[in-house]
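Novice: sequence first, predicted model second:
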Amino acid sequence: MGLQLPERSAVPRRRRVGLAALLGLTFFVLAGCGSDSEFERLAMPKPVTVEGEHTLDLWQGAWIAALATGVFVWGLIFYAVIKFRRRHDDEVPVQTRYNLPLEIFYTIFPIIMVIVFFDHTISTQNAVLNDPDVKPQNTIYVVGQQWQWTFNYPDEVEDDNGDPVNVYEVGTGSDIPTLVLPVNETTRFELRSPDVIHDFGVPGFLIKMDVMPGQENHYQVTPKTIGTYAGKCYELCGVYHSRMIFEVSVVSRADYDKYLQGQYDAGNVSDEPICGGKFADTQAGLEESDEEAGICS
Ligand SMILES: [Cu+2]
């Protein structure tokens with residue numbers, strides 16, 4: 001005995017038309033999602049990088065797919081609840097057994113959805129982490145140390161002998177550092193930690209990533225607009241975790257070069273990227289400087 005359904009003619013035509021119109025309107029509204037307002041971005045911050053656009057697309061696409069599925073399922077639920085409600089106390093509901101095509105459908109379809117979600121996630125991840133078509137023009141070694149950030153710009157400036165050297169900016173508990181990035185250029189962040197797990201992120205980049213001792217994480221950004229943005233540590237990393245904030249300044253290439261030269265002139269210069277502020281070497285359990293251990297290279 002298969003699934004028993006009432007005669008099709010029992011559903012008034014105008015109700016079917018109304019349901020179809022509701023579904024169509026939902027798709028129309030969702031398909032029109034742009035990125036100009038926070039509502040349209042579904043509460044995501046406005047992306048200020050090329051890579052952030054990919055993340056926003058994934059976010060919006062996932063919500064549209066989830067909402068479309070939700071509307072379809074809710075529609076079926078309410079349809080069944082209303083259509084097959086008990087009308088008399090002595091009425092026995094229609095008894096049903098398995099329906100093979102239906103069971104195959106609701107087994108296969110979620111698997112297809114997961115595969116599609118997975119595929120979009122992987123392509124977004126590739127675009128954000130390591131797009132093979134985009135060669136980073138700059139590399140910055142970002143060091144998270146308890147409890148501030150150090151930004152290293154290796155081989156960007158030459159010393160008096162013409163040898164490339166590293167310039168850096170170190171934040172302290174009372175001094176918020178600034179991460180300077182050139183606009184419309186791809187910069188790769190190499191993330192290093194000499195002590196505990198931190199997490200490096202800027203809301204406008206639509207990405208954050210753990211900074212882990214002993215692991216070399218990285219991601220890349222291509223800022224589209226000149227401006228200043230706020231960044232912070234997203235991992236509870238100790239007593240003064242809340243002080244691990246920094247500023248991001250996206251500037252023109254000329255201002256970027258001027259900034260790097262300014263760091264050199266100020267004496268913030270070393271041969272290799274340095275691994276943190278003066279507290280980085282004094283963490284419990286660290287017997288020697290991690291800089292000597294080569295963790296930053
Ligand atoms: Cu931290």
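Specialist: It's in.

Novice: for the ion, see how far away the residue of the chain most remote from its centre is.
Specialist: Taking C-alpha atoms, centre = their mean, the residue of the chain most remote from its mean C-alpha position is residue 90, at 56.7 Å. The gap separating residue 90 from the ion is 68 Å, by C-beta to the ion, to the nearest Å. Where you see a C-beta, it was placed from the backbone N, CA and C, and this is true even at glycine.

Novice: next one: residue 69
Specialist: Remark: distance between residue 69 and the ion (C-beta to the ion) = 38 Å.

Novice: pLDDT wise, what is the closest residue to that residue other than its chain neighbours at?
Specialist: Using C-beta to C-beta, 6 or more residues apart in numbering and skipping the chain neighbours, the partner closest in space to residue 69 is residue 113 (7.2 Å). Note on residue 113: pLDDT of 92.

Novice: before we move on, what about residue 38?
Specialist: pLDDT, residue 38: 77.

Novice: quick check: the gap between it and residue 223.
Specialist: 20 Å (C-beta to C-beta, to the nearest Å).

Novice: who's more crowded, these two?
Specialist: Looking at residue 38 and residue 223 with other C-beta atoms under 10 Å, you find the greater number of neighbours at residue 223, namely 26 against 11.

Novice: the helices in this structure, which residues?
Specialist: Along the chain, the segments classed as helices by DSSP state H run 13-31, 50-83, 100-130, 253-265.

Novice: how far does the shortest one sit from the chain's center?
Specialist: Using C-alpha atoms, centre = their mean, to the nearest Å, the distance from the centre of helix 253-265 to the centre of the chain it belongs to is 29 Å.

Novice: and the contacts of it?
Specialist: By C-beta atoms under 8 Å, 6 or more residues apart in numbering, the residues outside helix 253-265 that reach it are 153, 156-157, 159, 165, 167-169, 180-183, 185, 251, 269.

Novice: quick check: the residue of the stretch 1-150 of the chain nearest the ion.
Specialist: Proximity of the stretch 1-150 of the chain to the ion (C-beta to the ion) peaks at residue 144, 5.3 Å away.

Novice: setting aside sequence neighbours, what's the nearest residue to that residue?
Specialist: Per C-beta to C-beta, 6+ apart, closest to residue 144 is residue 198, 3.2 Å.

Novice: and residue 173, by the same measure?
Specialist: Nearest to residue 173 is residue 243, by C-beta to C-beta, 6+ apart, at 5.0 Å.

Novice: got a list of what the one you found touches?
Specialist: Contacts for residue 243 (C-beta under 8 Å, 6+ apart) come out as 147, 148, 173.

Novice: what count of nearby residues applies to residue 161?
Specialist: 6.

Novice: next, give phi and psi for it.
Specialist: Main-chain torsions, residue 161, degrees, to the nearest 10: phi -90, psi 0.

Novice: got the contact list for residue 220?
Specialist: Residues near residue 220 by C-beta under 8 Å, 6+ apart: 51, 128, 129, 130, 131, 134, 136, 186, 187, 188, 189.

Novice: and it, how far is that from residue 123?
Specialist: The gap separating residue 220 from residue 123 is 15 Å, by C-beta to C-beta.

Novice: ok, residue 159 next?
Specialist: Counting by C-beta to C-beta - residue 159 and residue 123 are separated by 42 Å.

Novice: the two - which one has more neighbours?
Specialist: Applying other C-beta under 10 Å to residue 159 and residue 123 shows that residue 123 carries more neighbours, namely 14 against 11.

Novice: quick one: residues contacting that one.
Specialist: Residue 123 neighbours (C-beta under 8 Å, 6+ apart): residue 54.

Novice: near the ion, which residues of the stretch 151-297 of the chain?
Specialist: By C-beta under 5 Å from the ion, the residues of the stretch 151-297 of the chain that approach the ion are 198, 233, 237, 244.

Novice: by neighbour count, which of the residues you listed wins?
Specialist: Going by other C-beta under 10 Å, residue 198 tops these with 31 neighbours.
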